[in-house]
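**Q** below is the sequence, then the predicted model.
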Amino acid sequence: MIEQDLLRRFLFEDLGVRGEWVKLTTSWQGAKQHQQGPQNAQLQLGQALAAVVMLSATVKFKGSMILQAQGDGDFKTLVAQSTDDQKIRGLIRSNDQVPDGSLETMFGQGRLVLTIEPDNAQPYQGVVPLEGSNLAGALQIYFEQSEQLKTRLWLFANETHAAGLLIQELPSQESDQDDWERIEILANTVTEQELLELDCEDMLYKLFNAEEVRLFDAEPVEFQCACSRPRIERTLRALGEEELKDILQEQDSIKVGCEFCGEQYLFDRVDVETLLSQESVANPSETRH
Ligand SMILES: [Zn+2]
């Protein structure tokens, strides 16, 4: 059976090192079908989605993790998001052409922001410069600086699959330097083809057949957008009554498209009146003219 749209965690129990493997197929194709932009920028999104699924699984939380790369070059913005139960979505904004090469070549001067948005708490984020040859490298720097956990990632994407491998020192159990180096050297022999084509068990056997590895049950990954009419209504309310009425002077209705999934939300005059009147109910102390 070919494994796809799955996250699998594994553990080198006696070494204090954990790992993750992810393979996205339908979810990757679903996430990118609404994105415009050159192929090389799209493939970066695939890598980022594989990364954010694995990274979100290294943290215990309820909510979503967002990986965002922003720069002043031809590649402007990349957003990849995963919930704690692996619902993913992403977007890219770029010029028609993005040069191939390092992160600086693609994004110019930029930054990489990793945000955790827990459902019932304040979000927190870490930022590192967007530097180095690829996203995996920039994320490793992030972990060295902010988490001080030895972490390595391998990320690959093509038109049909996006895949990733991660190894990380267990936070509670510092790994022996020799053990860590051995696992890292073995993991680093992984090829793009192996990661994109092999099932998890076959890949683990190929890389670590002399090691004792405990492999956990697979967790499904799905493309699913969190947008909804109430969320769009909140965004519109935040624009304010004047702004909305100005728009309605020029056109019959307000059309808002979701950049992640392409869903279109339409608000006619009655809808806008309704959402503005709901605001007055929500804020009874506010004086309205
Ligand atoms: Zn959406």
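**A** Now that the structure is in, tell me what you want to look at. Residues are numbered from 1 along each chain as shown.
**Q** so which residues of the stretch 1-150 of the chain form strands?
**A** Taking DSSP state E, counting those that start in this stretch as the criterion, the stretch 1-150 of the chain contains strands spanning 6-12, 17-24, 63-71, 75-83, 87-94, 110-118, 124-129.
**Q** just the pLDDT for Leu276.
**A** Leu276 carries a pLDDT value of 86.
**Q** number of nearby residues for it?
**A** When neighbours are counted by other Cβ atoms under 10 Å, Leu276 registers 17. From N, CA and C alone the C-beta is placed, and that goes for glycine too.
**Q** can you give me the end-to-end distance of stretch 94-106?
**A** One end of stretch 94-106 sits 10 Å from the other (Cα to Cα, to the nearest Å).
**Q** report the mean per-residue pLDDT for it.
**A** 97.
**Q** now swap in stretch 110-130 and tell me
**A** So the average pLDDT for stretch 110-130 ends up being 93.
**Q** and that stretch, end to end?
**A** End-to-end span of stretch 110-130 (Cα to Cα): 5 Å.
**Q** sorry, back to before: with respect to Leu170, which of the strands of the stretch 1-150 of the chain lies nearest?
**A** For these, the distance to Leu170 is smallest for strand 17-24, at 5.6 Å, taking Cβ to Cβ.
**Q** where do the strands sit along the stretch 151-289 of the chain?
**A** 151-157, 162-169, 214-215, 219-220, 222-223, 253-257, 264-268.
**Q** highest average neighbour count across these?
**A** With neighbours defined as mean count of other Cβ atoms under 10 Å, the strands of the stretch 151-289 of the chain peak in mean count at strand 162-169, which reaches a mean of 26.
**Q** that one - contacts with which helices or strands?
**A** strand 17-24, helix 39-56, strand 151-157, helix 177-187, helix 192-197 (3 or more Cβ pairs under 8 Å, 6 or more residues apart in numbering; DSSP states H and E).
**Q** please identify the deepest-packed of those.
**A** It is strand 17-24: most buried of the helices and strands packed on strand 162-169 by mean count of other Cβ under 10 Å, with a mean of 26.
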